[in-house]
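A.B. asks: Kindly return the folded structure for what I paste below:
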Amino acid sequence: MISEQLVDLSRLQFAATAMYHFLFVPLTLGMVWLLVIMESVYVMTGNVIWKDMTRFWGKLFGINFALGVTTGITLEFQFGTNWAYYSHYVGDIFGAPLAIEGLMAFFLESTFIGLFFFGWDRLRKTQHLMVTLLMAIGTNLSALWILIANGWMQNPVGAEFSYQTMRMEMTDFWAVVFNPDAQAKFVHTVSAGYVTGAMFVLSVSSWYLLRGRDVEFAKRSFRVAAAFGLASTLSVIVLGDESGYTVGEAQQTKMAAIEAMWETEPAPASFNVVAWPNEAAQKNDWAIEVPWVMGLIGTRSISKEIPGIREIKARNRQRIEGGIVAVTALEALRKHRDDVAAKETFERHKADLGFGLLLKKYVVDVRTATPDIIDRAVNDTVPRVAPMFWSFRLMVALGMAMLLLFGLAFWSTLKGACTGKPWLLKWAVWMLPAPWLACELGWVVAEYGRQPWTIYGVLPTHLSVSTLSVNSLYGSLAGFVGFYTVLLIVEVYLMQKFARQGPGSLGTGRYQFEPAHA
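C.D. replies: Have a look, this model is predicted:
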């Protein structure tokens, strides 16, 4: 059996690299559309300040994009190095959207990002705008295919297990592409990226305005960021509600953990605004509830129940017991592929195969699992509630704070009073880290909430890892964290350097902090 330490280290390494990578991705997703907006205004009006805005913010976008690509490459390699059995088991399905992402989206955005930077003097205005637009489309297509792959891990539709190949095989490519969980995750994630881009531009522009630097440039950037950020934050909230609904349909365990819902309540269920989950007693020591809200969010009805953790565990126990039969029949088929009785038994119970495999964490032969071992496997099917509960609520609180900020910022631009509200500008500067923190918390909820599965209900995490040594994992983890930390320091240094220089770094002679002859 695979050691628990090996599994934990493999998970920690992938989580560390993924979360480092996701420090760069949201800003790329958001800033690229701000560039499209700014350059569109330049093409329509001919006002050169909008061209300068596109070039300046594009420079910061380019720094972030380069480092995002660098950190993203290692993630895909880890599927082969650290998660070899996972890659073997589901590679036919999971690999397809990643291959399309590399062949279509990544090459598209990489090609046009070069034209964006080096085509200003070689392309007509409309041609360069088209380049910027295609760069934005490529960036979002890249996110789409990656999130289709991730969405399939959350809700594995369009595939089934084959006892002949002993792997998951795709049965419907379009079901994978149009997976409701993947689509909801895509629109929610890219909207969060738009908020991140808007907050970055808003915060840096506010910093300029507080210092009275390049006021006209900063006011226009502030105005665009405020409007785009307000629309994006509203989208995140609305689409987050849709994402919650898909979770309620496909991952009831995750929904129950997010809401610390221990018992099944009469429909429609109430929403715990705040609570203190007690996992040992499987109850909340106290809670502030709002009637009906959770039922409406999770089921879109007033009559459908949301199952609580106790009911889910009881249901999962039955599936584990059915999974024992499925695993036993599958092992018989591995020895004798023509065993008709084993095939019939497996077909009746194959839906529970993944739950039977949960027992492999504790025993080699699932038939020897004692009631105590089955209890441990049942408890494994529910992630720890407290991290899920508080991560989700902190994410929502940050989202609401950003909505208020963008709303006030947009209102101030309508009144032409953004420069006369220092408290608003200071708030915008201090809120700069908020979208990154919210994005990272969102990924904690999505990925930690899927445990103990790599493929929800299909392949347990402890069976997915490669047979590596613990020492090699310690070494590679330290190497990745060290290298990524250096990249993050480089990113912060470069972004801060050029942000402090402001549009004067363009050398046009129209802005502060540049030589007069530039």
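
A.B. asks: Make sure Met38 is actually in contact with Val48.
C.D. replies: No. Between Met38 and Val48 there is no contact under CB atoms under 8 Å: 11.9 Å. Where you see a C-beta, it was placed from the backbone N, CA and C, and this is true even at glycine.

A.B. asks: The two: who's more crowded?
C.D. replies: It is Met38, of Met38 and Val48, that has more neighbours when counted by other CB atoms under 10 Å, with 24 against 11.

A.B. asks: So for that one, what pLDDT did the model give?
C.D. replies: On pLDDT, Met38 comes in at 97.

A.B. asks: before we move on, what about Ala369?
C.D. replies: 94.

A.B. asks: any idea how far Ser162 is from the spatially closest residue to it that is not a sequence neighbour?
C.D. replies: Computed as CB to CB, 6 or more residues apart in numbering, the closest residue to Ala369 that is not its neighbour in sequence is Leu359, at 4.8 Å. For Leu359, the distance to Ser162 equals 22 Å [CB to CB, to the nearest Å].

A.B. asks: Counting neighbours, go ahead and name the busier of these two.
C.D. replies: Leu359 (24 against 13).

A.B. asks: Report the contact partners of that one.
C.D. replies: Each residue near Leu359 by CB atoms under 8 Å, 6 or more residues apart in numbering is listed here: Ile320, Gly323, Ile324, Val327, Val366, Ala369, Ile373, Ile374, Ala377.

A.B. asks: What is the least confident helix or strand in the protein?
C.D. replies: In the chain, no helix or strand scores lower on mean pLDDT, DSSP states H and E than helix 293-299, which sits at a mean of 80.

A.B. asks: Tell me where the model's unsure across the chain.
C.D. replies: 1, 515-518 (pLDDT under 70).

A.B. asks: what domains does the record give for it?
C.D. replies: 4-251+383-506, 256-299, 309-380 (automatic domain parsing).

A.B. asks: Take those domains and lay them out in JSON lines including distance to Phe513.
C.D. replies: Below are these laid out as JSON lines (distance: least, CB to CB, whole Å):
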{"stretch": "domain 4-251+383-506", "distance to Phe513": "4"}
{"stretch": "domain 256-299", "distance to Phe513": "47"}
{"stretch": "domain 309-380", "distance to Phe513": "58"}
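
A.B. asks: Select, out of those, the one closest to Gln512.
C.D. replies: In terms of CB to CB, the element of these nearest to Gln512 is domain 4-251+383-506, at 5.5 Å.

A.B. asks: okay, how far is it across that closest one, tip to tip?
C.D. replies: 54 Å (CA to CA, to the nearest Å).

A.B. asks: So that it lines up with my notes, have the first residue be 764 from now on.
C.D. replies: Fine by me, first position is 764 from now on; the one you just mentioned is domain 767-1014+1146-1269.

A.B. asks: Would you map the helices across the stretch 1014-1163 of the chain?
C.D. replies: 1015-1021, 1056-1062, 1072-1098, 1103-1112, 1116-1120, 1134-1143, 1148-1177 (DSSP state H, counting those that start in this stretch).

A.B. asks: So which bits of the second one are buried?
C.D. replies: Residues of helix 1056-1062 classed as buried by neighbour count (16 or more other CB atoms under 10 Å): Met1057, Gly1058, Leu1059, Ile1060, Gly1061, Thr1062.

A.B. asks: Next, the contact list for the residue nearest to Ala1038 when sequence neighbours are not counted, please.
C.D. replies: Leaving aside its sequence neighbours, Ala1038 sits nearest to Ala1050 (CB to CB, 6+ apart; 3.6 Å). By CB under 8 Å, 6+ apart, the contact list for Ala1050 reads Ala1023, Asn1035, Val1036, Val1037, Ala1038, Trp1039.

A.B. asks: What is the burial count for Ile826?
C.D. replies: 19.

A.B. asks: One more: Glu767?
C.D. replies: 10.

A.B. asks: ok, now Ala1077?
C.D. replies: Neighbour count of Ala1077, defined by other CB under 10 Å: 11.

A.B. asks: Return the distance of it relative to Phe869.
C.D. replies: 45 Å.

A.B. asks: Ok, Ser1239 next?
C.D. replies: 24 Å.

A.B. asks: And the furthest pair within the contacts of Ala1050?
C.D. replies: By the measure CB to CB, Val1036 and Trp1039 form the most distant pair in the contacts of Ala1050, at 12.2 Å.

A.B. asks: quick one: contacts for Leu1187?
C.D. replies: When contacts are counted by CB under 8 Å, 6+ apart, Leu1187 touches Ser969, Leu1168, Leu1171, Ala1172, Ser1175, Cys1181.

A.B. asks: Strands along the stretch 864-1013 of the chain, start to end?
C.D. replies: 922-925, 930-933 (DSSP state E, counting those that start in this stretch).

A.B. asks: in the lengthiest helix in the chain, what counts as buried?
C.D. replies: The longest helix of the chain (DSSP state H) is helix 978-1013. By 16+ other CB under 10 Å, the buried positions in helix 978-1013 come out as 980-996, 998-1000, 1002-1003, 1005-1013.

A.B. asks: That one - contacts with which helices or strands?
C.D. replies: Under the contact definition 3 or more CB pairs under 8 Å, 6 or more residues apart in numbering; DSSP states H and E, helix 978-1013 sits against helix 788-808, helix 811-844, helix 943-973, helix 1015-1021, helix 1056-1062, helix 1148-1177.

A.B. asks: Pull the distance from it to the chain's centre.
C.D. replies: Helix 978-1013 has its C-alpha centroid displaced from the chain centroid by 15 Å (CA atoms, centre = their mean, to the nearest Å).

A.B. asks: Next, name the residue at the spatial heart of this structure.
C.D. replies: Trp1206 (4.7 Å; CA atoms, centre = their mean).

A.B. asks: Test my guess that it contacts His784.
C.D. replies: No. If you go by CB under 8 Å, Trp1206 and His784 don't touch, sitting 10.2 Å apart.

A.B. asks: for the nearest residue to Thr834 once chain neighbours are set aside, what are its contacts?
C.D. replies: Nearest residue to Thr834, sequence neighbours excluded (CB to CB, 6+ apart): His784, at 4.2 Å. With contact set as CB under 8 Å, 6+ apart, His784 has these partners: Gly831, Thr834, Gly835, Leu838.

A.B. asks: Tell me the one of these nearest Leu1231?
C.D. replies: Taking the contacts of His784 together and measuring to Leu1231 by CB to CB, the closest member is Leu838, at 16.9 Å.

A.B. asks: I figured Gly831 was touching Thr791, is that so?
C.D. replies: Yes. If you go by CB under 8 Å, Gly831 and Thr791 touch, sitting 5.4 Å apart.

A.B. asks: For Met1194, which of the strands of the stretch 864-1013 of the chain is the nearest?
C.D. replies: Proximity to Met1194, assessed across the strands of the stretch 864-1013 of the chain by CB to CB, is greatest for strand 922-925 (42.0 Å).

A.B. asks: quick one: strands adjacent to that closest one?
C.D. replies: Partners of strand 922-925 in the sheet, by DSSP bridges, are strand 930-933 (antiparallel).

A.B. asks: which residues sit against the partner strand?
C.D. replies: For strand 930-933, the external contacting residues (CB under 8 Å, 6+ apart) are 851-856, 859, 919, 921-925, 939, 1218, 1221-1222.

A.B. asks: Can you give me the buried ones in it?
C.D. replies: Neighbour-count burial for strand 930-933 [16+ other CB under 10 Å]: Met931, Met933.

A.B. asks: quick revisit: report the buried members of the contacts of strand 930-933.
C.D. replies: 852-854, 856, 859, 919, 921-922, 924, 939, 1218, 1221-1222.

A.B. asks: Perfect, I'm done here.
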